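> Kindly return the folded structure for what I paste below:
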Amino acid sequence: MINMISHFRAAMLTAALTLTAAPATADSFVDAINEALSRVAEDRRSDLVVLPALIEMSAPPELVMRRPDVAGLISPAGPLWDDATAWASAEPQQGVLDAIVEVTEETNPRRAMRFALPYGIGAVPTAFIRAGVHAELGDPPTIASAQLGYMPRFVWTAVLVDIETSRLIEEGDPEKAIELNIHLARFARQIADRQLGEEVEWAYSTIARAMRRIRDVVYVDSKNDAKLSSAFLIEVVEGIDVDRGLYRVDRFRLPEGDRQAALQLVERVFNGSGRPDPAVFPTAMAQMAATARPLRLFAEAGRWSGELSSHASADETRRMIDGIFNDWNTRWSFDPFDPIQSSRSVYRSIGDQAQGFAVVTESVPDLGTLIALRKVVQVETVGTRCALASQALTIATGARASTLAILRPRYIDDLGVDPFNPDVDLNNRPELLYFVPERDDIRGEVHRMNIEPPIDAPFSVVLTDDDFVIYSPGGNGADERAVNVSTNPEAAFGDYLIWPPVISLARDYLELSGESR
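Numbering: from 1, shown residues only. The predicted structure follows:
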């Protein structure tokens, strides 16, 4: 990956740093979510490198964006290939890839760059505001109404990496394809430290997406030219360090910005007696609800006028906010199989209350989903390490590993923990599950696997001893021997498949059925 900033990007960056917006009106809640960001040195701010490149980025082809989450299924045999790869190869998009690589070269968490763009327009480069890639809070600044203008371009960036990965595979450069996804995961890890749930959800999903794509590249290489070396795969495994590096799940934090958003709204819409202020409540709530639909402002104001009499008091609302976030923080820190995790959250119990808490439900998203996504990140990173280590052994010896344990210490230092395995509840460190079809079947039979893909209808594959299988019991905690599989952690039945990668099998199936994308 070229590591140079184009002349245009350099000029853009200079303009961004020298022309900044005037500070917004002081607000203690906005100040609270910006405080840590304000302490990041300019030479460690990845936003000052990435956002100028994103401004110049052109939108992906419309047909690709109909399902941006599965852009990795696009293949040379499909009708989208030419348009998709032409877009990815264009200079503005390559500039984005260069920027992502540049800001993620440093892997030490203490020295790594951070996406430190403030929320609001205070101290934000004017170029970012003009291009709409900032965090707009409105006037007065309202965190709950935040319009994160960079988020759509983050989605484009993940699509770009997917398409560029496929292009690199086709050009015979799997190492570069893997490295590109490593850099995307590192950038997403920076966003995982942001303050709002919308950002963090994208970050967790994108880390998992990059891990799946890394395995996909390795799988495709293993079935074709086999250019990847054992030494390179071991190096990748070492870089995805789940114990000391960027991917330590105990360093992932529940975002605080949504709590501040709710508290800010309480401060703003209640009067001195602790009741919703008739002169403020309907208008403020309507403006927030109609942020993306300004023509609905008057209709929304009428609706909120009807909420005045039934809404809980300011003190009761603050207690509810505290209860919700305390509950989430408890779940965040407790064992995945502690009974509290299966109980109904305080947030999801709001509807059972006699009073109304619309201020809370309208300003706070369900951050409980991040708890499940964090487990997905853990199983994806641990699984990717194990899959690549296993393939490294096969490349080096020509044989399949007898067990995952045999991979230590030459190919992997630690097999990690499967967060979906119920044995975690006993303070054990259960590994992912592994077998080789035919070889490990007492009858020596091939393994038929039913796959629930992210798109289209389920399909089946038959695996022989040319493959190995790595999987987790998944959300239901039951080992079903990888007969029914998916990458859906909430599946009521079946296992969570790590290897062979679901995306690889789905792409092969689409090609064989003449339905390539």
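> going forward, measure contacts and count neighbours with C-alpha atoms only.
Will do.
> in stretch 49-63, what's buried?
49-57, 60 (16 or more other Cα atoms under 10 Å).
> any idea how far Leu367 lies from Val379?
When Cα to Cα, to the nearest Å is the yardstick, Leu367 and Val379 sit 20 Å from each other.
> more crowded one of these two?
When neighbours are counted by other Cα atoms under 10 Å, Val379 comes out ahead of the other of Leu367 and Val379, with 27 against 20.
> isn't that one right up against Pro419?
Yes: using Cα atoms under 8 Å, Val379 is in contact with Pro419, at 6.4 Å.
> Going by distance to Pro141, which of the buried residues of stretch 49-63 wins?
Lowest distance from Pro141 to these (Cα to Cα) belongs to Leu51, with 21.9 Å.
> so what's the closest one up against?
By Cα atoms under 8 Å, 6 or more residues apart in numbering, the residues touching Leu51 are 128, 133, 150.
> which stretches of the stretch 401-517 of the chain form strands?
Applying DSSP state E, counting those that start in this stretch to the stretch 401-517 of the chain gives strands spanning 433-435, 447-451, 459-463, 469-472, 484-486, 495-499.
> Could you name the helices and strands sitting against the fifth one?
In terms of contacts (3 or more Cα pairs under 8 Å, 6 or more residues apart in numbering; DSSP states H and E), strand 484-486 is packed against strand 447-451, strand 495-499.
> which residues sit against that strand?
449-453, 493-497, 502.
> Pairing partners for that strand, with directions?
strand 447-451 (parallel), strand 495-499 (parallel) (DSSP bridges).
> After the helix or strand that contains Ala262, which helix or strand is next?
Taking DSSP states H and E as the criterion, Ala262 maps to helix 257-269. Counting by DSSP H and E, the element after helix 257-269 in chain order, helix or strand, is helix 281-289.
> Now do that following helix against helix 257-269, angle only.
Relative orientation of helix 281-289 and helix 257-269, computed by axes from the mean of the first three to the mean of the last three Cα atoms, to 10 degrees: 150 degrees.
> So which elements touch helix 281-289?
Looks like helix 281-289 contacts helix 297-305 (3+ Cα pairs under 8 Å, 6+ apart).
> rewinding a little: can you tell me which of the helices and strands packed on strand 484-486 comes nearest to Val266?
Using Cα to Cα, the helices and strands packed on strand 484-486 put strand 495-499 closest to Val266, at 41.8 Å.
> Before we move on, what's the pLDDT of the nearest residue to Trp304 once chain neighbours are set aside?
The shortest distance from Trp304 to any non-neighbouring residue, by Cα to Cα, 6 or more residues apart in numbering, is to Pro282 (4.8 Å). As predicted, Pro282 sits at a pLDDT of 83.
> Then the one 4 residues further on?
Among the per-residue scores, Ala286 shows a pLDDT of 78.
> thinking it is in contact with Trp304, fair?
Yes: counting by Cα under 8 Å, Trp304 is a contact partner of Ala286 at 6.8 Å.
> ok, back up a step: would you list the strands of the stretch 401-517 of the chain in a markdown table and tack on distance to Ala158?
Shown next, in a markdown table, are those (distance: least, Cα to Cα, whole Å):
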| stretch | distance to Ala158 |
| --- | --- |
| strand 433-435 | 29 |
| strand 447-451 | 24 |
| strand 459-463 | 26 |
| strand 469-472 | 25 |
| strand 484-486 | 21 |
| strand 495-499 | 20 |
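> Which of the helices and strands packed on strand 484-486 sits closest to Phe154?
strand 495-499 (25.3 Å).
> With just CA atoms, put that closest one into PDB.
The C-alpha coordinates for strand 495-499 follow below in PDB (Å, rounded to 0.1, in the frame of the first residue of the first chain):
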ATOM      1  CA  ASP A 495     -23.100 -23.300  15.400                       C
ATOM      2  CA  TYR A 496     -21.000 -20.200  14.600                       C
ATOM      3  CA  LEU A 497     -18.700 -21.100  11.800                       C
ATOM      4  CA  ILE A 498     -15.100 -19.800  11.600                       C
ATOM      5  CA  TRP A 499     -13.600 -22.100   9.000                       C
END
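> Does anything pack onto the helix or strand containing Ser222? Which helices or strands?
Assigned by DSSP H and E, Ser222 belongs to helix 197-223. Helix 197-223 sits against helix 151-170, helix 174-191, helix 368-397, helix 502-512, with contacts defined as 3+ Cα pairs under 8 Å, 6+ apart.
> TSV for those, including distance to Pro255 and mean pLDDT?
As requested, those are exported to TSV (distance: least, Cα to Cα, whole Å; pLDDT from 0 to 100):
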stretch	distance to Pro255	mean pLDDT
helix 151-170	16	97
helix 174-191	11	98
helix 368-397	10	97
helix 502-512	30	93
